[in-house]
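J.: Sequence plus predicted model, see below.
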There are 4 protein chains.
Amino acid sequence: MTETRLRVRYAETDQMGVVYYANYLVWMETGRVELCRACGFEYREMERQDGVLLAVAEANCRYLAPARFDDEVTVRTWIESANRRMVTFAYEMRLADGRRLATGYTKHLFLDRDFRQTRLPEKYWPMFGI
Amino acid sequence: MTETRLRVRYAETDQMGVVYYANYLVWMETGRVELCRACGFEYREMERQDGVLLAVAEANCRYLAPARFDDEVTVRTWIESANRRMVTFAYEMRLADGRRLATGYTKHLFLDRDFRQTRLPEKYWPMFGI
Amino acid sequence: MTETRLRVRYAETDQMGVVYYANYLVWMETGRVELCRACGFEYREMERQDGVLLAVAEANCRYLAPARFDDEVTVRTWIESANRRMVTFAYEMRLADGRRLATGYTKHLFLDRDFRQTRLPEKYWPMFGI
Amino acid sequence: MTETRLRVRYAETDQMGVVYYANYLVWMETGRVELCRACGFEYREMERQDGVLLAVAEANCRYLAPARFDDEVTVRTWIESANRRMVTFAYEMRLADGRRLATGYTKHLFLDRDFRQTRLPEKYWPMFGI
C-alpha cells in the first residue's frame, strides 16, 4: 500500500466548481505508478525493457464528496488481487482532514508490444505478490 | 437513445499509442449532453435556470478494444434507470466499422446549487421517462 | 484555409465557468488535423508511413472573449508560412454569432522517428504550398 | 521566484511518446499558484474573498526539448511585470539534470466576478511588487 499526495489543479476543476469526474482516473494512475515504484520497479522500465504494458480492462470510481481547487489529496493505492495475466488495483482518495473523496478500482491485463495478452515476466511476480 | 459522433484527438492519446482511459469518461459526457438535447432540454439551461446539477455518484467503464488517433467514434447513450433522486446513463462506444470499444455507465444524483441532494423538478420527469 | 466546428465540453470548463486556457491549444490541434485532411493527406498517415512528426516548437494564444460550456466554436486554420524544415499554422476561433474568442499560431519542426530534424518529403510540398 | 516540482503523468503523454504540448500550460498554472502562495497569499482566497479573477489574456510557450513520462520537472516561475491592471508571469521548465524543456509567459488581466476589467486591490500590490 502506498500513499501519494497531490494538489488539485485549476485545470482539473469544471464549472460546477469541483474536480471533473474523469480526473479521478488520472489520480488513480499517479497512485498506481507510485505503488509500482514502492514495490521496487519503475513502471516505465517495465514498458521499455520488457515490453509489458498494463492495459486497462475496467475502471470504476464512486464519488463521495467533491474535491476543490488547491485541496491536498491523498491517494491510497493497493493491489486487490493479481495473477500472471491480470492485476486489480484499488484506490481511496481523501482530503487532508481525512474526509473520503472517492474510492475505486482498475483492472489491468498484461499485454505485449503488439497488444496481445501476455503473462507477467517471472521477475515481477514477487512485486505483485504472486 | 442517441448517437454522438466524435473524432479522436491527438491530445487524447497516450504513449501507448491509444486513447488514455480517462478520456472515455469525457466521451460519455458528450453522449449525455446530446441525449439531454435529444430529450428536449439543454443540460446547461437546467443548471442555469433551475439550479439543478447532475453530480456523478459513480462511473464505470469496460475497455474492450483500443481507440486510436483520428478514429471516428460513435457514443450510444441511453437512460438505464431514473427516478426523482437519481439517474443512470449507459453508454456503448463503437468504431465506424462496428467494433465495440467500450461500455459503461454513470450514476448521477440531482443536487441543488448548495450541493444538497434535491428532487428533479417535475417538468423534467417526462424527459427522463419518470 | 479550413473551418472546424466543435462544441465546448463540460470537461473543458474550469471553476471560472469558462473554458480553461490550455484547451484552446487542443482545439488548434483539431483545426490543424482538419487542414491537413483538406490539403489531401491524413496527418496520421504521414506519421505512420513516412515517419515524419510535426513537433511543436512554439505555441501562442491570445484570448479575446471567454468560451462557455455547450458553445459552438469554429476554428479557422491556415498555413501562415512553410518551408522544408518548418511550418507555421495560424488560428482564429469564433462563436456561432461571429464573436472572436481567440487567435493564435503554432510553429512546428519536421522530425524523424528519432526526434532529429528532417526535411519534409517532397510529395508533401504542394500540400504545404512549398 | 519559485520552483515547483512535478512528475510527468502518463495522462500527459501523447502517441509521440512525449508530453502533449497543451499540458505545459497546465504546468505553468501550477507554478503560478505556487508563486502566489510564496508571495503570501492563496490564489483561491483572492478569487473567493475579493472576487478578483486572473483571466489569461495571452499565453506563449517555446518547446526546447521533449519531456517524457515519469520525468521530474521543475517549473521556475517569476513575475516579469505587473501593474494595477495586469500581470505577466514568466516560466522556465527544466529536467532534474538541468536540461531546459520549455520557456514561456502568460499575461493576465484582473477581472471582477462579472468578467469586467478591474484593478488589483491595494493589499495585493506588495505581493506583485507594485
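T.: In hand now; what should we look at?
J.: chain center to the worst-scoring helix or strand of chain A on mean pLDDT: distance?
T.: Using mean pLDDT, DSSP states H and E, the weakest-scoring helix or strand in chain A turns out to be helix A:43-49, at a mean of 87. Offset of helix A:43-49 from its chain centre (Cα atoms, centre = their mean, to the nearest Å): 16 Å.
J.: Contacts for the next helix or strand after it, please.
T.: Per DSSP states H and E, the first helix or strand lying C-terminal to helix A:43-49 is strand A:53-63. With contact meaning Cβ atoms under 8 Å, 6 or more residues apart in numbering or on different chains, strand A:53-63 is reached by A:21, A:24-25, A:28, A:32, A:43, A:46-47, A:86-87, A:101-113, A:115, B:16, B:21-22, B:55-63, B:66. (Each C-beta comes from the backbone N, C-alpha and C, glycine too.)
J.: buried subset of those residues?
T.: Buried members of those, counted by 16 or more other Cβ atoms under 10 Å in any protein chain shown: A:21, A:24-25, A:28, A:32, A:43, A:46-47, A:86-87, A:101-111, B:16, B:21-22, B:55-63, B:66.
J.: the inter-axis angle of the helix or strand harbouring A:Thr106 versus strand A:53-63?
T.: Per DSSP H and E: A:Thr106 is located in strand A:100-111. Relative orientation of strand A:100-111 and strand A:53-63, computed by axes from the mean of the first three to the mean of the last three Cα atoms, to 10 degrees: 160 degrees.
J.: and strand A:100-111, C-alpha only, in PDB?
T.: What follows is strand A:100-111, C-alpha atoms only, in PDB (Å, rounded to 0.1, in the frame of the first residue of the first chain):
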ATOM      1  CA  ARG A 100     -13.100  10.500   1.900                       C
ATOM      2  CA  LEU A 101     -13.500  11.800  -1.600                       C
ATOM      3  CA  ALA A 102     -13.700   8.700  -3.700                       C
ATOM      4  CA  THR A 103     -13.000   5.000  -3.900                       C
ATOM      5  CA  GLY A 104     -12.300   2.900  -7.000                       C
ATOM      6  CA  TYR A 105     -10.500   0.200  -8.700                       C
ATOM      7  CA  THR A 106      -8.900  -0.500 -12.100                       C
ATOM      8  CA  LYS A 107      -8.400  -4.000 -13.700                       C
ATOM      9  CA  HIS A 108      -5.500  -4.400 -16.000                       C
ATOM     10  CA  LEU A 109      -4.300  -7.100 -18.400                       C
ATOM     11  CA  PHE A 110      -0.700  -7.600 -19.200                       C
ATOM     12  CA  LEU A 111      -0.100  -7.000 -22.900                       C
END
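J.: and it, anywhere near chain D?
T.: No - looking at strand A:100-111 against chain D by Cβ under 8 Å from any Cβ of the partner chain, there are no contacts, and the closest approach is 12.3 Å.
J.: Check stretch A:19-38 too.
T.: Yes - judged by Cβ under 8 Å from any Cβ, stretch A:19-38 and chain D are in contact via A:Val26, A:Glu29, A:Thr30, A:Val33.
J.: List the ones among those residues that fall in helices.
T.: With DSSP state H as the criterion, helices contain A:Val26, A:Glu29, A:Thr30, A:Val33 from among the residues of stretch A:19-38 next to chain D.
J.: Make a markdown table out of the residues you listed and add neighbour count, distance to chain C and pLDDT.
T.: A markdown table is the format used below for these (neighbours: other Cβ atoms under 10 Å in any protein chain shown; distance: Cβ to the nearest Cβ, whole Å; pLDDT from 0 to 100):
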| residue | neighbour count | distance to chain C | pLDDT |
| --- | --- | --- | --- |
| A:Val26 | 21 | 12 | 98 |
| A:Glu29 | 25 | 17 | 98 |
| A:Thr30 | 19 | 19 | 98 |
| A:Val33 | 22 | 22 | 95 |
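J.: would a markdown table of those residues with distance to chain B be doable?
T.: As requested, these are arranged in a markdown table below (distance: Cβ to the nearest Cβ, whole Å):
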| residue | distance to chain B |
| --- | --- |
| A:Val26 | 5 |
| A:Glu29 | 8 |
| A:Thr30 | 12 |
| A:Val33 | 13 |
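J.: and the two most separated of these?
T.: A:Val26 and A:Val33 (11.0 Å; Cβ to Cβ).
J.: one step back: let me know the closest of the ones in helices among the residues of stretch A:19-38 next to chain D to B:Val8.
T.: So of these, ranked by how close each gets to B:Val8 (Cβ to Cβ), first place is A:Val26, at 17.9 Å.
J.: residue contacts, A:Phe41?
T.: With Cβ under 8 Å, 6+ apart, A:Phe41 has these contacts: A:Tyr124, A:Met127.
J.: Also A:Ala22?
T.: B:Ala22, B:Asn23, B:Leu25, B:Val26, B:Glu29, B:Ala59, C:Ala11.
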